[in-house]
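A.B. asks: what's the 3D shape of this:
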Amino acid sequence: MSDPGRIEVTRDGGVVVVTIDRAARRNALPGPLWQELAAAFRALAGDAPRVVILTGRGGHFCAGMDLSFDNPLLVAIAQSVQAKDEAAVQATIRDLKAVMEAVRSVPCPVVAAIDGACLGGGLELALACDLRVAGDDARFSLPEARWGMVPDVGGTTRLCHLVGRARAADLILTGRTIDADAAASWGLVDRRCAAGGALEAARGVAAEIRRSAPIATKEALGVLRGIASAEDAAGFALETAAGARAVCAGEVMEGVMAFVSRRDPSWVSG
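C.D. replies: So this is what the prediction gives:
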């Protein structure tokens, strides 16, 4: 892989910034980078920062899963589709869900600093965070259905709880992209800032959080996450099963080929 990217972790006092550094690909994540991201957050779980900020390099947050044919994760999914191995696909989905759970494992607030593209798995990463700060140029989409997939690593469940079933259905079923204005009005985004300023604005949110008492912050966050986890449990099982069925139906092969070829997909059942 010509540009594997990396995950950069920097500390400034009690604030840790985790940066997806693959700017040439709008920070799209190949298989190894998903795992590196999970490892970074698991390491932070025992590191006791006051706030973690998740962001991306080069003016974009994260364009989701890398759909390049040299992505080992995509190759593994294709092999599972050809073998009609639904159990293997479910295992892959659970592995990606574990990345989201690693984000949730850090016992301090996690703030997503979002400029530019926040798409697919990138939006699911943002949904796994506790707060989302977005620049005016941010754009949000869950285009998986256009590729023959389901937003199955938290996207359907967390988005539904956050913005409501109707708006979640709008975004997921159409695959359309919304801007920062719409995201803010829906409640998908918590804070707004000028284009390119999401990281600095997120640092401002972190400074506000740090003025609160550390133990009280941690305990309140535990309650908030506990409520969310109770709401999400059944949904996660449903979306994992749905995602595996959709992928094994084989539409994903046409969806990805169409995306890479910059053409409209030709669905057999269209």
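
A.B. asks: Three-state assignment for the residue lying closest to Asp264 once chain neighbours are set aside, please.
C.D. replies: Nearest residue to Asp264 in three dimensions, chain neighbours excluded: Ala258, at 6.3 Å (Cβ to Cβ, 6 or more residues apart in numbering). C-beta here means a position set from N, CA and C on the backbone, and glycine is covered the same way. Secondary structure state of Ala258, per DSSP: H, G, I helix; E, B strand; the rest coil, is helix.

A.B. asks: thinking Phe236 is in contact with Gly154, fair?
C.D. replies: Yes: contact criterion Cβ atoms under 8 Å: Phe236 and Gly154 qualify, at 7.1 Å.

A.B. asks: any residues in contact with both of the two?
C.D. replies: Jointly contacting Phe236 and Gly154 under the rule Cβ atoms under 8 Å, 6 or more residues apart in numbering are Lys97.

A.B. asks: so for these two, which sits in the more crowded spot?
C.D. replies: Neighbours per residue, other Cβ atoms under 10 Å: of Phe236 and Gly154, the larger number sits with Gly154, 25 against 21.

A.B. asks: need phi/psi at the more buried one.
C.D. replies: phi 110, psi -10 (degrees, to the nearest 10).

A.B. asks: where do the strands sit along the stretch 1-150 of the chain?
C.D. replies: 6-12, 15-21, 51-56, 110-114, 117-119, 131-135, 139-141 (DSSP state E, counting those that start in this stretch).

A.B. asks: and the ones you listed, which is most packed in?
C.D. replies: strand 110-114 (a mean of 30; mean count of other Cβ atoms under 10 Å).

A.B. asks: what pairs with it, parallel or antiparallel?
C.D. replies: With DSSP bridges as the test, strand 110-114 is paired with strand 51-56 (parallel), strand 131-135 (parallel).

A.B. asks: in contact with Ser105, which residues?
C.D. replies: Per Cβ under 8 Å, 6+ apart, neighbours of Ser105: Phe41, Arg42, Ala45.

A.B. asks: out of these, who's nearest Gly243?
C.D. replies: Phe41 (22.1 Å; Cβ to Cβ).

A.B. asks: thinking again about what came up before, output the strands of the stretch 1-150 of the chain as TSV; include the columns distance to Gly250.
C.D. replies: As requested, the strands of the stretch 1-150 of the chain are arranged in TSV below (distance: least, Cβ to Cβ, whole Å):
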stretch	distance to Gly250
strand 6-12	33
strand 15-21	30
strand 51-56	32
strand 110-114	33
strand 117-119	23
strand 131-135	34
strand 139-141	23
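
A.B. asks: and those strands as a markdown table, adding mean pLDDT and distance to Ser80?
C.D. replies: Formatted as a markdown table, the strands of the stretch 1-150 of the chain follow (pLDDT from 0 to 100; distance: least, Cβ to Cβ, whole Å):
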| stretch | mean pLDDT | distance to Ser80 |
| --- | --- | --- |
| strand 6-12 | 96 | 26 |
| strand 15-21 | 98 | 26 |
| strand 51-56 | 98 | 28 |
| strand 110-114 | 98 | 30 |
| strand 117-119 | 98 | 23 |
| strand 131-135 | 98 | 32 |
| strand 139-141 | 98 | 25 |
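
A.B. asks: can you check which of those strands gets nearest to Asp232?
C.D. replies: Using Cβ to Cβ, the nearest of the strands of the stretch 1-150 of the chain to Asp232 is strand 110-114, at 15.9 Å.

A.B. asks: centre of the chain to the closest one, how far?
C.D. replies: Distance, stretch centre to chain centre, for strand 110-114: 11 Å (Cα atoms, centre = their mean, to the nearest Å).

A.B. asks: one step back: can you redo the strands paired with strand 110-114 as a markdown table with distance to Val75?
C.D. replies: Shown next, in a markdown table, are the strands paired with strand 110-114 (distance: least, Cβ to Cβ, whole Å):
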| stretch | distance to Val75 |
| --- | --- |
| strand 51-56 | 24 |
| strand 131-135 | 32 |
